[in-house]
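Chemist: Fold the stuff below for me.
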Amino acid sequence: MNIDKRSFLGAAVGIGAALAAPGGAQAQSKAPPVDDLGRNADNMREKPAPRRKARTTKLFLTPPSWPNAITADPDGRGFWVQQQKHDSTPETAWLLDMKGKVLKSVVTACVDCSGMAVGNGFVWSGANGASVHNPTNPPVEGVFQTDMNGKTVSHRQIPFGPKDNGGSCHGMAWEDADGGRLWIQANRLESLVRMNPVTWECDFMFPAARVDRLHGIEVDGGFIWQVYGTQSKDVPGYAGYTPGLIKYDIKTGRPLEFVDFVPGSCDMHDVAVLNGQLYGVDAGEHPGWPITGEYNRPGWPGLNSPSAGWVFRIDIV
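Modeler: Have a look, this model is predicted:
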């Protein structure tokens, strides 16, 4: 078949346009651009973690205090709850049964407790001493190890900082693996740090999720739960706040899901897991919320949420 030069060029242009058109062979075979290491934006981008909802059910009040930390008792007797104070006086950890009865009290030297764990026969309390009234210089930070008779066994700083100030703690949890490990939400590092409680060596850490507010943590088998929350820019106080939980893979630190509490749920400062069930506690002293007297009760410090002082069950729906 004879074809002149002009016809040949026209046919070539037509074929090229067809291949470049949506659905054409060229579009179907086109790969995303990659760098010299073979990476592209699609295979490096994290898929967003799924989101679920949860509701809370109040169970019992703690002893009068700002109960800022909770963990399940290793022997299944109930919960350990530790108070937070802002005057640098001794802070108490209580063992409470499932109805709130005090079974044991342990007085610790922790200052402004913001997370606790129980493991290897000790109470481990995380200090947030920079938050007390007129803090010392340096403030009292780090982790207090207390025996069941109230004796301070050790006081050590979170790693990777000055020897006398490793930064504040905002959550602690005990992991039974490898002879026992202590997890710490390290504020300065903005990370979850796994510590050998005997040698005080860090053997793993990962960055916490980048969200508005982070607080207590708890180990749940192959996962870690962490308290978080979001404050509406337009609605102050409890009415504009959404508490929630983040679930991490304990081996990788990857967030697996976010759980947002439905309106009317309890505020939360720390989380615990007992027999596979999630529980929480509300210190009743939320940063940025005014203490107006609306939620106060006799014998308690100033409170600023309707769930202040309550231990509650968390049910994911």
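Chemist: Every contact and neighbour count from this point should use C-alpha atoms.
Modeler: Will do.
Chemist: which stretches of the chain have low pLDDT?
Modeler: Along the chain, segments meeting pLDDT under 70 span 1-31, 41-46.
Chemist: beta partners of the residue most central in space within it?
Modeler: Note on the chain: the residue nearest the mean C-alpha position is residue 226, at 2.5 Å, using CA atoms, centre = their mean. Beta-bridge partners of residue 226, counted by DSSP bridges, are residue 217, residue 246.
Chemist: Surely it touches residue 218?
Modeler: Yes. If you go by CA atoms under 8 Å, residue 226 and residue 218 touch, sitting 6.7 Å apart.
Chemist: Overlap in contacts, the two.
Modeler: residue 271 (CA atoms under 8 Å, 6 or more residues apart in numbering).
Chemist: Tell me where the stretch 1-150 of the chain has helices.
Modeler: With DSSP state H, counting those that start in this stretch as the criterion, the stretch 1-150 of the chain has helices at 5-20, 25-29, 41-44.
Chemist: ok, now which ones touch residue 317?
Modeler: Taking CA under 8 Å, 6+ apart, we find residue 317 in contact with 52-55.
Chemist: where's it relative to residue 204, distance?
Modeler: Distance of residue 317 to residue 204, given as CA to CA, to the nearest Å: 32 Å.
Chemist: Next: residue 181.
Modeler: Distance of residue 181 to residue 204, given as CA to CA: 10 Å.
Chemist: And residue 127, by the same measure?
Modeler: Distance of residue 127 to residue 204, given as CA to CA: 21 Å.
Chemist: Of the two, which one has the most company?
Modeler: A direct count of neighbours by other CA atoms under 10 Å for residue 127 and residue 204 places residue 127 higher, at 29 against 15.
Chemist: wait, what's in contact with residue 145?
Modeler: 122-125, 152-155.
Chemist: Just the buried ones out of those residues, please.
Modeler: Using 16 or more other CA atoms under 10 Å as the burial test, the contacts of residue 145 include 122-125, 152, 155 as buried.
Chemist: shouldn't residue 147 be in contact with residue 121?
Modeler: Yes. Here residue 147 reaches residue 121: they are 6.9 Å apart, a contact under CA under 8 Å.
Chemist: Stretch 276-285: which residues count as buried?
Modeler: For stretch 276-285, a neighbour-count test (16+ other CA under 10 Å) marks 278-285 as buried.
Chemist: now what about it, what contacts it?
Modeler: 65-70, 220, 266-273, 302-315.
Chemist: In space, what's closest to residue 251 - neighbours in sequence excluded?
Modeler: residue 222 (7.4 Å; CA to CA, 6 or more residues apart in numbering).
Chemist: so who does that neighbour touch?
Modeler: 249-251.
Chemist: ranges for the strands of the stretch 101-250 of the chain?
Modeler: For the stretch 101-250 of the chain, the strands defined by DSSP state E, counting those that start in this stretch cover 102-108, 116-119, 122-128, 141-146, 152-156, 169-175, 181-186, 191-195, 202-207, 213-220, 223-231, 241-249.
Chemist: Now find how far off-centre the second one is within its chain.
Modeler: Just to be clear, that refers to strand 116-119. Centroid separation for strand 116-119 versus its chain: 16 Å, with CA atoms, centre = their mean, to the nearest Å.
Chemist: what comes up buried for it?
Modeler: Neighbour counts over strand 116-119 (16+ other CA under 10 Å) mark 116-119 as buried.
Chemist: wait, residue 58 sits on residue 310?
Modeler: Yes. At 6.3 Å, residue 58 and residue 310 qualify as touching, with contact defined as CA under 8 Å.
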